[in-house]
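> Sequence and predicted structure below; questions after.
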Amino acid sequence: MTVYESGSTHNSTTGASYVYNGTSTYKELYSPKSGSDTYKVNFTESLIAPPESGIVWITTSGFVIAVEISGQNLTGAAAYSAAATLTDPFPLEAEYGTPTFLQSSVSFPGVVKINQTTVTLGPTTMLVTNYGINSPMTVCTFGGTPDVFSVYSIQAGSVPGTTATIVPLRSTTGVYTAPSGGTLTFTAILRITSVTKL
């Protein structure tokens, strides 16, 4: 799977801005066989400079056994830290596709089902449902702070031949009041560009 992620924020009070973009990939090198629960996965990310690549050994329950990165074999807390860097944004993408998260994301007042289209993600073609808003939408988030979205687009669908639901596109633009003060303007795009079914 290959994912492109980009975004920006700007605080109107402090003048602070942050821009990010990059591509991350993962390729399953080994999947659990009968009696085993360990995956061996190669991750490459270019969101953080310099870009990094490494191998993560992880169980089906999410326990990180080890990470090989920059010629080092890490375990314990160091492995978890390295895995967090290497795997970004895949845990977020996995969360977006869970039934509970997806249902809540498309159930906000103002979110409508627009249509269904076919998308091609590398070698995989799939049917997706497109959701969006027709006018600005306000959603209360963490601590009751309202986010006002001017763009809110989600695509969701099942990978053919699997039970996996993925979100090939999540794109948002909006504003909220930052806890540190000021109005924070944000844009965030997470787009899957390729899925290979094993």
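Thanks, I have it.

> so residue 86 sits in a strand?
No: read with DSSP: H, G, I helix; E, B strand; the rest coil, residue 86 is helix and lies in no strand.

> What score does residue 22 have for pLDDT?
At residue 22, the pLDDT value in this model is 85.

> show me the contacts for it.
Contacts for residue 22 (Cβ atoms under 8 Å, 6 or more residues apart in numbering) come out as 4-6, 45-48, 51. All C-beta spots, glycine's among them, are computed from the backbone N, C-alpha and C.

> what sits opposite residue 56 in the beta ladder?
In this entry, residue 56 is beta-bridged to residue 41, residue 67, by DSSP bridges.

> Show the contacting residues for it.
By Cβ under 8 Å, 6+ apart, the contact set of residue 56 is 39-41, 43, 64, 66-67, 83, 86-87.

> give me that answer again for 10 Å
Residues near residue 56 by Cβ atoms under 10 Å, 6 or more residues apart in numbering: 26, 29, 39-43, 64-69, 74, 79, 82-83, 86-87.

> out of the contacts of residue 22, who's nearest residue 128?
For the contacts of residue 22, the closest approach to residue 128 (Cβ to Cβ) belongs to residue 4, at 16.3 Å.

> show me the contacts for the closest one.
For residue 4, counting by Cβ under 10 Å, 6+ apart, the contacting residues are 21-24, 46-47, 89, 169, 189-194.

> Relative to residue 131, which of the residues you listed is nearest.
Residue 131 has its nearest neighbour among those in residue 169, at 10.0 Å by Cβ to Cβ.

> Skipping adjacent residues, who's closest to the closest one in space?
Leaving aside its sequence neighbours, residue 169 sits nearest to residue 155 (Cβ to Cβ, 6 or more residues apart in numbering; 4.2 Å).

> and that neighbour, what helix or strand is that in?
Using DSSP states H and E, residue 155 falls within strand 146-158.

> What's the mean pLDDT across that strand?
Averaged across strand 146-158, pLDDT comes to 92.
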